[in-house]
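Student: kindly return the folded structure for what I paste below:
(one chain, ligands or ions: 1)
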Amino acid sequence: MDAASQSKTLIRGGWVLTSAPAGSGVAAAIRDGAVVIAGDRIVAVGDYQALRAQHPGAAERGGQFDIVAPGFVNAHGHFSEGLITGIASQYTLWEWLHNLITPVNPTMDREKAYHGTLLQAVQLLRSGVTTANDMFCSDPDPSGPITPGVVAALDEIGLRGVLSFGSGDADRDFEMSPIIDEWDALRESAAASRYSTFRVGIAALGRTTPASFAQAVEYAAGGGHGVHIHLHEVREEVTATMQSTGRTAIAHCAHEGLFDAPTLAAHCVWVDRSDREILAAHGVGVAHNPVANAILASGVAPVAELRALGVDVGIGVDGAASNDAQDFLQAMKTAPLLARIRDLQATAMSAREAFELATIGGARALRMQDSIGSLEPGKKADVVVFDGESPTLAVVHDPYQALVFVAGPREVKDVWVDGKQSVADFDVTRVDPREVSARARPIAARLVAEAGLERLSAFTGAPLAATEQP
Ligand SMILES: [Zn+2]
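Tutor: Coordinates of the predicted model:
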């Protein structure tokens, strides 16, 4: 069935912010505008009255005071952390990895992946995310592949996923083959899914032996797959890689051919001029994670310097154990706040720039700008409506500032992903969020016991150990 003969929905907004680039034929901001969708596609974007006349049979959503936006692209996250949120944020990254993530890694399995993903996906959808670029980080599970649980959860709830599995065999008692088995399982599972696609995950250069890193490069190149990797999040990583390879991690990845595959690098906080030029020369996209970088005291990524070189930058919430919220609107607001504190200039990043990073910027960083990231005819129908009846958005003098600095998840009224409504009238449509919480609780408690996290947590009722108290 072609788009013209499918039932259409006209989504009205007092403002329609399209993120369409100059020269696309679609204005960036349309006063009293509308978006018409049919099937999984956007078929028209423009003036409300004109589109209402052209599509008289279309059902109408949104309203004259609402703000309509492209679905946000969460450029970096970890569905592997859905059950360990709000714990151990008193550490910097390497301490946090040692104390929290390392003991959790061997306990992960498909059931935990499924329930943790549902918990996070509810929060992402409620903050307007329609695409989640994710790296599931854990050890492989000898009893069977884990990440098909992520694919199943996203298919159930209706959220687009760009999914990778990032593990590492350095200092571990397993080798590369179970990691490759997990990649194969995720790739096949994603190929059969409406919402998900596959990338090769590499947790970090220092967590992978040189031989396994070479296998990962070959897997990506041989299959034509994209790559998702953490790079230069903290100074310790750069120093360690300089000592082990004689190069920065970014220079080493380029030297070894990793960047010949489309690569999304998370963080890129500790990048010098040469690192930035390598990222630009190889078309590496960057995910900026302002909240997680602040919680772990990692630093502030030089977003303006990267963009000045032509690097595509998106915004990520990062994991539920390092943000710890999965509220994308918080991350979108924190990006300009950190940029302004870093430069001590209120002009360092505008609300409009943050909005564009959150939409088309993330799509470009993932090389998905032909299908998502803006409201343009022919693109996927990934659309968010913010409630203009809310007191929070009753007065809109500048729609970009209203969304980036004022709006919260409570204003997210409707969300379409791939043309299907995943949020309607302020909540997810396909799962009962209270049931999701109820099912996750005992599994999280079991994980805490299996990984021995009681000393970090008051979750089980045990008091925090004296030495761990902040
Ligand atoms: Zn991360």
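
Student: centroid-nearest residue for the protein?
Tutor: Computing the C-alpha centroid of the chain and ranking residues by CA atoms, centre = their mean puts residue 74 first, at 2.6 Å.

Student: show the average pLDDT along the host helix or strand of it.
Tutor: Secondary structure assigned from DSSP states H and E places residue 74 in strand 72-77. Strand 72-77 shows a mean pLDDT of 98 in the predicted model.

Student: C-terminal to that strand, what's the next element?
Tutor: Reading on from strand 72-77 to the C-terminus, the next helix or strand found by DSSP H and E is helix 93-96.

Student: check which residues of that next one are buried.
Tutor: 93, 96 (16 or more other CB atoms under 10 Å). Every C-beta, even on glycine, is put in place using the N, C-alpha and C of the backbone.

Student: with only the CA atoms kept, save stretch 361-373 in PDB.
Tutor: Extracted in PDB, the C-alpha atoms of stretch 361-373 (Å, rounded to 0.1, in the frame of the first residue of the first chain):
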ATOM      1  CA  GLY A 361      22.900  16.400  14.800                       C
ATOM      2  CA  GLY A 362      22.500  12.900  16.300                       C
ATOM      3  CA  ALA A 363      21.000  11.600  13.100                       C
ATOM      4  CA  ARG A 364      24.100  12.900  11.200                       C
ATOM      5  CA  ALA A 365      26.500  11.500  13.800                       C
ATOM      6  CA  LEU A 366      24.800   8.100  13.100                       C
ATOM      7  CA  ARG A 367      24.700   8.700   9.400                       C
ATOM      8  CA  MET A 368      21.000   8.300   9.500                       C
ATOM      9  CA  GLN A 369      20.100  11.800   8.300                       C
ATOM     10  CA  ASP A 370      18.400  10.600   5.200                       C
ATOM     11  CA  SER A 371      15.700   8.800   7.200                       C
ATOM     12  CA  ILE A 372      15.400  10.500  10.600                       C
ATOM     13  CA  GLY A 373      16.400  13.700  12.600                       C
END
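
Student: returning to that earlier point: can you tell me how far the residue nearest to the centre of the chain is from residue 229?
Tutor: Computed with CB to CB, to the nearest Å, the distance linking residue 74 and residue 229 is 17 Å.

Student: also residue 128?
Tutor: Distance from residue 128 to residue 229, counting by CB to CB: 26 Å.

Student: of those two, who's got more company?
Tutor: Comparing residue 128 with residue 229 by neighbour count (other CB atoms under 10 Å), the higher total belongs to residue 128, at 30 against 27.

Student: I'd assumed residue 139 was in contact with residue 166.
Tutor: No - taking CB atoms under 8 Å as the definition, residue 166 is not a contact partner of residue 139, at 11.2 Å.

Student: out of the two, which sits in the busier spot?
Tutor: Shown here are residue 166 and residue 139; by other CB under 10 Å, residue 166 has more neighbours (27 against 21).

Student: with adjacent residues omitted, what lies nearest to the more buried one?
Tutor: When the adjacent residues along the chain are set aside, residue 166 lies closest to residue 201, with 3.3 Å between them (CB to CB, 6 or more residues apart in numbering).

Student: check which element follows the helix or strand the one you found falls within along the chain.
Tutor: The secondary structure element spanning residue 201 is strand 196-202 (assigned by DSSP H and E). Per DSSP H and E, the first helix or strand lying C-terminal to strand 196-202 is helix 210-223.

Student: which residues are contacting the strand holding residue 74?
Tutor: When contacts are defined by CB atoms under 8 Å, 6 or more residues apart in numbering, strand 72-77 is touched by residues 120, 124, 127-135, 228, 264, 266-267, 285, 287-289, 314-320, 326, 328, 332, 358-359, 361-363, 365-366, 368, 372-373, 384.

Student: in helices only, show me these.
Tutor: Mapping those onto helices (DSSP state H) picks out 120, 124, 328, 332, 362, 363, 365.

Student: so what's the fifth one up against?
Tutor: By CB under 8 Å, 6+ apart, the contact set of residue 362 is 72, 73, 74, 75, 131, 133, 287, 314, 315, 316, 373.

Student: one more pass at 6 Å, please.
Tutor: Residues counted as contacts of residue 362 (CB atoms under 6 Å, 6 or more residues apart in numbering) are 73, 75, 314.

Student: tell me, how many residues neighbour the first one?
Tutor: Right, the one you point to is residue 73. Around residue 73 there are 32 residues (other CB under 10 Å).
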